[in-house]
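Asker: Coordinates for the following, if possible.
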Amino acid sequence: MTRRTIRPQLTPVARFFCAALCAAWLAACAGDGPSSGGGGGGPIVAPLVEAGPMAMRRLTERQYRQTIADVFGDETEIPGRIEPDNRQLGLFAVGSTQVSVTASGFEQYESISRSIAEQALAPEKRDGQVECAPSDPQGPDDECARAFVARIGRQLLRRGLSEEEIESRVAVAAESAATLGDFWAGLQDALTTLLLSPEFLFRIEEAEVDPGAPGRMRLTSLSMASRLSYFLWNGPPDEELLAAGERGDLVDDQLLEEQVERMLASPRLERSVRAFFGDLFAFADIDQGLVRKDPILFPAFSQEMIGDAAEQTLLTVVDHLVAQSGDYRDLFTTRKTFLSRPIGIVYKLPVATRDGFEEFEFPASDPRAGLLSHISLLALYSHSGRGSPTLRGKFVREVLLCQDVPPPPGDVDFSDFADADTLTLPTARDRLELHVVNETCAGCHALMDPIGLGLEKMDGIGALRETENGATIDPSGQLNGVPFRDAKQLGRALSRDPLLGPCFVENYFRYAMGRAIADGEAEHVDYIAAKLERDGYALRDLLRMIVLGDAFRTTSGPREVVPEPTPDPNQTPDSTGTPGNGDATPTPGEGTPRPTDDTSPAPTPTGPTPTPTVRPTRTPTPTTAPVFFSTIQEEILNRRCIDLPCHSEVSRAGGLLLEGSGAYDDLVGVEPTNAAARGDDFLRVAAGEPVDSFLLFKVLGPSDPIFGSRMPLGGGMLADDEIDLIEAWIAGGAER
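Answerer: Purely as a prediction, here's the structure:
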């Protein structure tokens, strides 16, 4: 890892990190490290669970900012941009287990850490951060530095520091203070090392053998403190929770329940609810100014307005779920909301409050009700110059109902759909009728368009309208066979859809765990959904069942590490550390025991994604018996595609049939729909040539704008043994 020197006093910090990060990786690989926590008690009574793996989770941007605010005060500024989060399975919370820190990202963290340290130890704030006065402000004071490092380090790393960890930072403070003639500058350098610690930037969890169930691993009490706080509060543990973790309370049923009830009653709960829904709805695009509209078509649009629109939605969610303890499903029919002046202009409603928001309830006669009629979602899931029934319907399917909608083929002509001014096809409904007669598009758009058309009386920023290009808009449609006449009836149909509540549970469970639901946890998730279906989808009940369940408290161990491919000895490694070359280092992400020093797996540089034309290669598990298509169809395609209409016999996307009797003839020797793939000499399946088979590329290769998204099929990405089977079938001649 290369590191840029910014000013002279970085020298001791740099020397500290060279030693610490190298030791971190060696210690993690050796699996060395003490166990923390203690206490007794068995598991909370719940359905039988075989918990999934744990993994290191990098703090999301929201969590990083909240942690700094909790430790140093809300007024602490974080200059610049933090390393971008990564969205997986629709959530940054899941992507946090899949990311490292790039070299440029480390420089960003370093610059930000120095600024935070300077602010925290500025003359006007020192008394609140440092409980002692240095004996010599122009030189080292090891005793005062030691007290500060021990206290602030415990807050930042979410655990007590060892003597070695404390002394190493006291040495940094002393060397810098002696060099610069300033005790406070030295203390800033010591604080910077803490803010750059992998154990601050990442949440590193530990597990131990459960004495009440030998053979099962549970999270330690101290790891539970961090897992609870970042899930329920979206920030670090407070003093009471951290002390409970250190005492071993959080592996005891009763003591854990007491802490959970305290946390659920805390005002901090609102922070995590806002973080979850902001993540789920992709409001980061709004926060980052990525939602933009044509100023000629939408003069009322501004960044202030769309920011207020996101806040309106979050205020409505928090009021309904936290303050009122309402049923989640009623969010899609509620008339109560909050308005500010900028969004009042779009709603065409007067707002008396000059700054901020005021409570408002839409009349029963108003065409708006529920979250689907909020400006935030309507504008976010639209194009810059018009609304989009397809994007809005896709949002409902994928985000609210947890159904996969495959991406469009790469060579679809969108010109007819994009021409919003045509006189022959004046409304979106008219233009989307083209999907019905286009076999390539019909299957998937039948899932999305009838939903989104229910919101067509609200334009690209959510303003009401009755006509488009002079033609009357028809907002009727259907959701899973339930017809509706307008947006309000759509919200009612959605609130009663049997998939809505279970999807809410699945999304929150994935958010809590930072990964997909493991096979051994599926019954537990179904149990939670069934109980809430009977009792009402109250948020606190859901959170309580998640955190007190075995899936949250136990683990199967660290996530399996997929080894990097062996580099080609004839290939010269590039300077970026691209994964797979000679300079690459393993990406942290696995739950590991904590080393005794502040030396956990370090942020490591990662390189750019390989160019789309590079066909991924892998070493399949050897198969001795011949593999026939009947096996592929029975064990993979029929099972995975049966609930995916886009690749069924009833409706096909891209002319590709994966389920049923015609699947073989539609695959073997057939050119793909994707124009780029045809130009690269792919066939859907090239008998005997796995590397030339687009099917294998799509289930194995990375998503990219040229070849489209990686093909998930039903139920998520294919497992390695499924890919091995497909590859063996192709390599063996792709026999029927």
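
Asker: Show me where this structure has its strands.
Answerer: Ranges of strands within the chain are 57-58, 202-203, 207-209, 217-219, 336-339, 358-361, 467-468, 471-472, 477-479, 482-484, 554-555, based on DSSP state E.

Asker: so which of the ones you listed is the most packed in?
Answerer: Among those, strand 57-58 has the highest mean neighbour count (mean count of other Cβ atoms under 10 Å), at a mean of 27. For glycine as for every other residue, the C-beta is placed from the backbone atoms N, C-alpha and C.

Asker: returning to what we had before: could you redo the strands of the chain as a markdown table and give each row distance to Gly460 and mean pLDDT?
Answerer: Shown next, in a markdown table, are the strands of the chain (distance: least, Cβ to Cβ, whole Å; pLDDT from 0 to 100):
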| stretch | distance to Gly460 | mean pLDDT |
| --- | --- | --- |
| strand 57-58 | 35 | 95 |
| strand 202-203 | 39 | 96 |
| strand 207-209 | 49 | 93 |
| strand 217-219 | 46 | 95 |
| strand 336-339 | 20 | 97 |
| strand 358-361 | 23 | 97 |
| strand 467-468 | 11 | 88 |
| strand 471-472 | 17 | 90 |
| strand 477-479 | 19 | 93 |
| strand 482-484 | 22 | 95 |
| strand 554-555 | 46 | 94 |
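
Asker: Can you check which of the ones you listed gets nearest to Phe276?
Answerer: Checking these against Phe276 by Cβ to Cβ gives strand 57-58 as the closest, at 14.8 Å.

Asker: which outside residues touch the closest one?
Answerer: Here strand 57-58 makes contact (Cβ atoms under 8 Å, 6 or more residues apart in numbering) with 83, 93, 96-97, 99-101, 201-203, 514.

Asker: Among the residues you listed, which lie within helices?
Answerer: 93, 201 (DSSP state H).

Asker: Could you turn the buried ones of the contacts of strand 57-58 into a ChimeraX selection?
Answerer: In ChimeraX syntax, the buried subset of those is picked out as below (16 or more other Cβ atoms under 10 Å):
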select :83,93,96,97,99,100,101,201,202,203,514
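
Asker: of the contacts of strand 57-58, closest to Gly501?
Answerer: Nearest to Gly501 among the contacts of strand 57-58 is Ala93, at 20.0 Å by Cβ to Cβ.

Asker: Give me the pLDDT value at that closest one.
Answerer: We have a pLDDT of 95 for Ala93.

Asker: okay but it is in contact with Asp279, surely?
Answerer: Yes. Ala93 is within contact range of Asp279, at 5.9 Å (criterion: Cβ atoms under 8 Å).

Asker: so what's Asp526 closest to, chain neighbours aside?
Answerer: Using Cβ to Cβ, 6 or more residues apart in numbering and skipping the chain neighbours, the partner closest in space to Asp526 is Pro502 (7.5 Å).

Asker: Count the neighbours of that neighbour for me.
Answerer: Neighbour count of Pro502, defined by other Cβ atoms under 10 Å: 20.

Asker: residues contacting it?
Answerer: So Pro502 contacts 402, 525-526, 529, 533 (Cβ under 8 Å, 6+ apart).

Asker: List the ones among these that fall in helices.
Answerer: When DSSP H defines the helices, the subset of these inside them is 525-526, 529, 533.

Asker: Now restrict these to buried residues only.
Answerer: The neighbour count (16+ other Cβ under 10 Å) marks 525, 529 as buried among those.

Asker: Check the ones in helices among the contacts of Pro502 against Tyr64 and report the nearest one.
Answerer: Val525 (28.7 Å).

Asker: That closest one against Asn507, yeah?
Answerer: No. With contact defined as Cβ under 8 Å, Val525 does not reach Asn507; the gap is 10.5 Å.

Asker: Point out where the stretch 1-150 of the chain drops to low pLDDT.
Answerer: Under the criterion pLDDT under 70, the flagged ranges of the stretch 1-150 of the chain are 1-47.

Asker: swap that for the chain, sorry
Answerer: If you take pLDDT under 70 as the line, the chain has these spans: 1-47, 408-423, 435-443, 560-624, 639-655, 659-661, 701-717.

Asker: For the most centrally placed residue in it, which residues are in contact?
Answerer: Closest to where the C-alpha atoms of the chain average out (Cα atoms, centre = their mean) is Phe92, at 1.8 Å. By Cβ under 8 Å, 6+ apart, the contact set of Phe92 is 60, 85-86, 279, 284.

Asker: which of those residues lies closest to Gly139?
Answerer: Nearest to Gly139 out of those is Thr60 (Cβ to Cβ; 40.0 Å).

Asker: Can you verify my assumption that that closest one contacts Leu91?
Answerer: No. The criterion here is Cβ under 8 Å, and Thr60 misses it with Leu91 at 9.7 Å.

Asker: which residues are in contact with both of the two?
Answerer: The contact sets of Thr60 and Leu91 overlap at Asp279 (Cβ under 8 Å, 6+ apart).

Asker: Setting the sequence-adjacent residues aside, check what's closest to the residue nearest to the centre of the chain.
Answerer: Asp85 (4.2 Å).

Asker: And for the one you found, the neighbour number?
Answerer: Neighbour count for Asp85, taken as other Cβ under 10 Å: 21.

Asker: Next one: it from Arg262, what distance?
Answerer: 29 Å (Cβ to Cβ, to the nearest Å).

Asker: can you check Thr313 too?
Answerer: 28 Å.

Asker: The two - which one has more neighbours?
Answerer: Between Thr313 and Arg262, counting by other Cβ under 10 Å, Thr313 is the more crowded of the two (25 against 14).

Asker: Now do the residue nearest to Asp526 against Ile517, distance only.
Answerer: Going from Pro502 to Ile517 by Cβ to Cβ gives 11 Å.

Asker: so what sits against both of those two?
Answerer: By Cβ under 8 Å, 6+ apart, Pro502 and Ile517 have these common neighbours: Val525.

Asker: want to throw the ones in helices among the contacts of Pro502 into TSV with distance to Asp136?
Answerer: Converted to TSV, the ones in helices among the contacts of Pro502 look like this (distance: Cβ to Cβ, whole Å):
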residue	distance to Asp136
Val525	60
Asp526	65
Ala529	63
Glu533	67
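
Asker: Mind telling me the two of the ones in helices among the contacts of Pro502 farthest from one another?
Answerer: So, the ones in helices among the contacts of Pro502 by Cβ to Cβ: farthest apart are Val525 and Glu533, at 12.6 Å.

Asker: Just confirm Leu494 contacts Arg397, I think it does.
Answerer: No. Leu494 is not in contact with Arg397 according to Cβ under 8 Å; the separation is 10.8 Å.

Asker: out of the two, which sits in the more crowded spot?
Answerer: Leu494 (26 against 22).

Asker: Which residue, other than its chain neighbours, is closest to that one?
Answerer: Nearest residue to Leu494, sequence neighbours excluded (Cβ to Cβ, 6+ apart): Phe332, at 4.9 Å.

Asker: Touching, that neighbour and Arg368? I think so.
Answerer: No. Between Phe332 and Arg368 there is no contact under Cβ under 8 Å: 11.8 Å.

Asker: the more surrounded of the two?
Answerer: Between Phe332 and Arg368, counting by other Cβ under 10 Å, Phe332 is the more crowded of the two (23 against 20).
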